[in-house]
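Participant: Let's see this in three dimensions:
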Amino acid sequence: MHSTLLGVPKAADHRPAFRSQLSRGLLRASALTLGFIPSVAWACACGCGVFAVGTSSSFPTDAGAMAFVEYDFMNQNKNWSGNSSAPAGNNDDKRIRTSFYTGGFQYVFADGWGITAELPYWNRFFKTTDDSGDIVGFKHSAIGDVRLQASYSGFSDDKTTGITFGVKLPTGDFTYPNFDRDTSIGTGSTDILLGAYHVGNLTPDYSWNWFANAQIDEPVSVQDGYRPGGELDAVMGISYNNWSVGDIKLAPVLEAVGSYRLHDSGINSNRPDSGYERLLIAPGFEVDVSSFKVYANVALPVYQHVTGNQLTAPVLVKLNVSYMF
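Facilitator: Sure thing, here's the model as predicted:
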């Protein structure tokens with residue numbers, strides 16, 4: 001079967017509390033978007049790693065704990081080859097519809113070190129062509145690959161620059177018989193995750209801010225003849241942080257999200273139909289109420305180049321709810 005694609009704050013400020021809140025809100029928002037990259041970390045051929053970018057690190061600026069839940073959705077129903085759409089008959093796979101549920105916890109220490117754990121759960125519907133030429137559909141739900149990460153943002157007093165590093169564990173199911181290895185919920189691989197992020201202000205009053213985040217996901221140990229392609233996910237964005245209704249803060253966010261994934265390899269891979277480049281534009285919105293934050297966005301592809309024939313999604317949807325202790 002064919003593979004499926006799925007300006008720096010001032011050193012001193014007379015408003016430290018405001019600045020800290022503003023940076024924290026922006027960093028949480030961008031982290032909860034691409035995600036990312038900790039999703040370079042979900043190294044599946046569908047490109048779902050993009051959801052994780054930033055979510056696991058959440059660009060911490062203040063000490064304390066945060067718990068979050070996230071829902072992502074992707075419906076891959078369009079065959080793509082090279083830079084354009086291609087006839088559906090060129091791909092044995094017809095649809096991959098996935099709901100991604102993720103729960104996570106983060107703790108940041110006063111010296112800038114932080115730790116994060118994420119537990120994903122996927123619900124996936126897969127429609128494909130069987131050996132008899134009939135169109136068949138299968139549903140499967142299971143725990144995905146757990147991600148454990150550490151972060152450090154103590155390079156400066158304002159903690160607006162940081163690095164992340166960690167591991168993706170092979171906890172997800174990759175043995176369901178009706179899914180190919182490149183459509184399985186788990187990759188079966190242990191991956192190293194390395195990333196960096198930065199946030200800064202665009203205007204003196206801190207109303208407009210910008211952020212950047214990137215992460216590499218590289219498999220280092222694999223199982224059963226399948227090595228997912230290494231992946232790079234990156235995001236750049238801007239946020240406007242000067243809207244409020246009473247105690248409710250509102251922040252529109254606009255992101256550009258890029259992904260680059262290498263070919264899969266191994267006897268159980270489909271190398272000719274794997275690997276891609278992709279650029280998404282993702283408008284979103286964050287609502288901040290006391291210790292709660294709600295972030296949602298939709299990501300739309302503006303450029304896609306895939307190797308062979310792969311299923312793509314016309315839109316990616318994200319909803320994240322976090323609580324800071």
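Participant: From now on I want contacts and neighbour counts done on CA atoms only, so please keep to that.
Facilitator: Will do.
Participant: Quick one: the helices in the chain, in order.
Facilitator: In the chain, the helices defined using DSSP state H lie at 16-31.
Participant: Low-confidence regions, this structure specifically.
Facilitator: For the chain, the stretches with pLDDT under 70 are 1-61.
Participant: Tell me the residue in it that is farthest from the middle.
Facilitator: Taking C-alpha atoms, centre = their mean, the residue of the chain most remote from its mean C-alpha position is S132, at 36.6 Å.
Participant: for the closest residue to G137 other than its chain neighbours, what are its contacts?
Facilitator: Using C-alpha to C-alpha, 6 or more residues apart in numbering and skipping the chain neighbours, the partner closest in space to G137 is K127 (4.2 Å). Neighbouring residues of K127 by C-alpha atoms under 8 Å, 6 or more residues apart in numbering: 93-96, 135-138.
Participant: List the beta-bridge partners for K127.
Facilitator: R95, G137 (DSSP bridges).
Participant: T98 versus that one, what's the distance?
Facilitator: Remark: distance between K127 and T98 (C-alpha to C-alpha, to the nearest Å) = 12 Å.
Participant: Repeat that for F73.
Facilitator: The gap separating F73 from T98 is 6 Å, by C-alpha to C-alpha.
Participant: re earlier: and the residue farthest from the centre of the chain, what are its phi and psi?
Facilitator: Note on S132: backbone dihedrals following degrees, to the nearest 10 are phi -90, psi 0.
Participant: measure it to D92 for me?
Facilitator: Separation of S132 from D92 (C-alpha to C-alpha): 12 Å.
Participant: Would you confirm that I163 contacts Q149?
Facilitator: No. Counting by C-alpha atoms under 8 Å, I163 does not reach Q149; the two are 10.4 Å apart.
Participant: Which neighbours do the two have in common?
Facilitator: With the criterion set as C-alpha under 8 Å, 6+ apart, the contacts of I163 and Q149 do not overlap.
Participant: Check the protein for its longest strand and report it.
Facilitator: In the chain, assigned by DSSP state E, the strand with the most residues is strand 292-312.
Participant: which parts of it are buried?
Facilitator: Using 16 or more other C-alpha atoms under 10 Å as the test for burial, strand 292-312 gives 293-301, 304-312.
Participant: Adjacent strands (with direction) for it?
Facilitator: Using DSSP bridges, the strands paired with strand 292-312 in its sheet are strand 78-82 (antiparallel), strand 276-289 (antiparallel), strand 316-324 (antiparallel).
Participant: Tabulate the ones you listed in JSON lines, adding columns for distance to G258.
Facilitator: As requested, these are exported to JSON lines (distance: least, C-alpha to C-alpha, whole Å):
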{"stretch": "strand 78-82", "distance to G258": "17"}
{"stretch": "strand 276-289", "distance to G258": "4"}
{"stretch": "strand 316-324", "distance to G258": "13"}
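Participant: sorry, back to before: now the longest strand of the chain, how far from the chain's geometric center?
Facilitator: Centroid displacement of strand 292-312 relative to its chain, using C-alpha atoms, centre = their mean, to the nearest Å, is 10 Å.
Participant: Stretch 134-144 too?
Facilitator: Computed by C-alpha atoms, centre = their mean, the chain-centroid distance of stretch 134-144 equals 22 Å.
Participant: ok, now stretch 245-257?
Facilitator: With C-alpha atoms, centre = their mean, you get 19 Å for stretch 245-257.
Participant: who's F292 bridged to?
Facilitator: Assessed by DSSP bridges, F292 has beta-bridge partners V289, Y323.
Participant: right, and it touches S322 too?
Facilitator: Yes. Applying C-alpha under 8 Å as the test, F292 and S322 come out as touching, 5.7 Å apart.
Participant: what's near enough to touch G186?
Facilitator: Going by C-alpha under 8 Å, 6+ apart, G186 touches 44, 144-145, 170-174.
Participant: for Y152, same thing?
Facilitator: Contacts of Y152 by C-alpha under 8 Å, 6+ apart are 112-114, 162-164.
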